[in-house]
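Got a sequence here, can you build the structure:
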Amino acid sequence: MEEQRVQTCAIYRTDPNLPQRFNNPNCFHGYSQKICNPLYRTSNQVYGSRRPTVHEMPTSFKGTTCQFSELMLHSGMYQDHGFNTSVERSQVTAAMATLNKRVKLRKAN
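Numbers count the residues shown, from 1 in each chain. Sure, this is the predicted structure:
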């Protein structure tokens, strides 16, 4: 028995700019009924094992432009060139200061 090829536009009012993959749910492949242990089966596995139908396909598509990404490509990411006023303490210098204090304490005793 051959599966019927129903398009989304035949049942629902769709956007004229709707991509073909949304108008034809039969173009999606890779859905199978793999048998797995029912003890470890999740609801997402049950939902994901079924092919989409025309009732689950979107009826409109609003794509985004790459305007922001193109701007970042040409100008680069933001860099902060402000003046750093925080005090940075070196771990090496702090260790040496602690060692010098210990030496002084030993000499005093």
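
which intervals of this structure have sub-threshold pLDDT?
Residues of the chain that meet the criterion pLDDT under 70 lie in 1-4, 33, 90-95, 109.

quick one: residue 35 and residue 52, what's the gap?
22 Å (C-beta to C-beta, to the nearest Å). Every C-beta, even on glycine, is put in place using the N, C-alpha and C of the backbone.

Looking at these two, which has the bigger crowd around it?
The neighbour comparison of residue 35 against residue 52 (other C-beta atoms under 10 Å) goes to residue 52, with 14 against 7.

What is the longest helix of the chain by residue count?
helix 91-108 (DSSP state H).

tell me how far that helix is from the chain's mean position?
Relative to its chain's centre, helix 91-108 lies at 50 Å (C-alpha atoms, centre = their mean, to the nearest Å).

Output it in PDB with nothing but the alpha carbons.
Extracted C-alpha coordinates of helix 91-108, given in PDB (Å, rounded to 0.1, in the frame of the first residue of the first chain):
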ATOM      1  CA  GLN A  91      51.300  34.300  43.600                       C
ATOM      2  CA  VAL A  92      55.000  33.900  43.300                       C
ATOM      3  CA  THR A  93      55.800  37.200  45.100                       C
ATOM      4  CA  ALA A  94      53.300  36.400  47.800                       C
ATOM      5  CA  ALA A  95      54.900  33.000  48.400                       C
ATOM      6  CA  MET A  96      58.400  34.600  48.600                       C
ATOM      7  CA  ALA A  97      57.100  37.200  51.100                       C
ATOM      8  CA  THR A  98      55.700  34.300  53.300                       C
ATOM      9  CA  LEU A  99      59.000  32.500  53.000                       C
ATOM     10  CA  ASN A 100      61.000  35.600  54.000                       C
ATOM     11  CA  LYS A 101      58.800  36.000  57.100                       C
ATOM     12  CA  ARG A 102      59.400  32.500  58.200                       C
ATOM     13  CA  VAL A 103      63.200  32.900  57.700                       C
ATOM     14  CA  LYS A 104      63.100  36.100  59.800                       C
ATOM     15  CA  LEU A 105      61.100  34.300  62.600                       C
ATOM     16  CA  ARG A 106      63.700  31.500  62.700                       C
ATOM     17  CA  LYS A 107      66.600  33.900  62.900                       C
ATOM     18  CA  ALA A 108      64.900  35.800  65.700                       C
END
